[in-house]
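*Asks:* Dropping the sequence and predicted coords here.
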Amino acid sequence: MSGHNKWSTIKQKKGKNDAARAKVFTKIGRELMVAIRDGGSADPNVNSKLRDCIAKAKAANVPNDNIERIIKKAQGGEAADYEAVTYEGYGPSGVAVIVEALTDNRNRTAGEVRHYFDKFGGNMGTPGCVGFMFTKKGVLIIEREDLEKDEDTVMEAALEAGAADFEADEDIFTIYTEPEDFGAVRDDLQAQGYEFASAEIEQVPSTYTKIDDPDTQVQMQKMLDMFEDNDDIQNVWHNWEDAE
């Protein structure tokens, strides 16, 4: 789940229990299998989509043994039935929401997504109803903690690697790239020894919606939790400002 307060979301994910981490591993595993199917190769050196997925998996602390096991399963054709589907809609207070799924049953997933929107005071819309509020960008997050390099050094390395933008916060550095440059920038920085708390192509909102009412905030969070708990749903992007 990603929104305005991205770093709080990452820290929350890191602290999850074993069952929740296993669910994250399952979702990323599905992405890895589809990347191999669509890219036509289990070799990340020739399949850039697979290389991006492996980087995402490592940032999420998926063990190498798990990654290798998933790649072997994908070579056996287990990803053949998964279809990528995107849904758009509004959460409570008009928060814009994009839901990305990989499903083997489009009707089941669409019904569940619609139910989550309706249950918590939102509504599922038509394709494109909120997509114009988001831009796809590569997003690389580096923790400041234990990093023996200052802001200027990291910014210079990022921009020289081809990054489009750079932000420094109290806890993290955030590096933005064009989607087509994401892999090259990530690989360049990794070669220099940088490690990422998160590394993926995201839907970044251009504007944000604030929820002032505490009860509505609870409803919004419950809706996001329901999305996250669904195995078919890979990513949920939203423009809820100050999301926890």
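*Replies:* Arrived safely, thanks for sending. Residues are numbered from 1 along each chain as shown.
*Asks:* At which residues are the helices of the protein located?
*Replies:* Secondary structure of the chain, counting by DSSP state H: helices at 6-14, 18-39, 48-59, 64-75, 106-119, 151-161, 182-191, 214-229.
*Asks:* looking at the ones you listed, which is closest to Thr174?
*Replies:* For Thr174, the closest of the helices of the chain is helix 6-14, at 7.4 Å, according to CB to CB. For every residue, glycine as well, the C-beta is placed using N, CA and C.
*Asks:* what about Asp146, neighbour count?
*Replies:* A count of nearby residues for Asp146, using other CB atoms under 10 Å, gives 6.
*Asks:* again, but for Arg114
*Replies:* Using other CB under 10 Å, Arg114 has 15 other residues around it.
*Asks:* any idea how far it is from Ile142?
*Replies:* Remark: distance between Arg114 and Ile142 (CB to CB, to the nearest Å) = 38 Å.
*Asks:* cool, Asn66 as well?
*Replies:* For Asn66, the distance to Ile142 - CB to CB - is 24 Å.
*Asks:* what packs against the longest strand out of those in the chain?
*Replies:* As assigned by DSSP state E, the longest strand anywhere in the chain is strand 134-143. If you count contacts as 3 or more CB pairs under 8 Å, 6 or more residues apart in numbering; DSSP states H and E, strand 134-143 packs onto helix 6-14, strand 172-177, helix 182-191, strand 198-205.
*Asks:* Out of the ones you listed, flag the one nearest Gly89.
*Replies:* Closest among those, using CB to CB: strand 198-205, at 13.7 Å.
*Asks:* quick one: average pLDDT of the closest one?
*Replies:* For strand 198-205, mean pLDDT rounds to 92.
*Asks:* which helices and strands sit right next to it?
*Replies:* helix 48-59, strand 134-143, strand 233-238.
*Asks:* picking that back up, show me which of Asn66 and Ile142 is the more surrounded one.
*Replies:* Taking other CB under 10 Å, Asn66 and Ile142 do not tie; Ile142 has more neighbours (21 against 16).
*Asks:* Kind regards, and thank you for your time.
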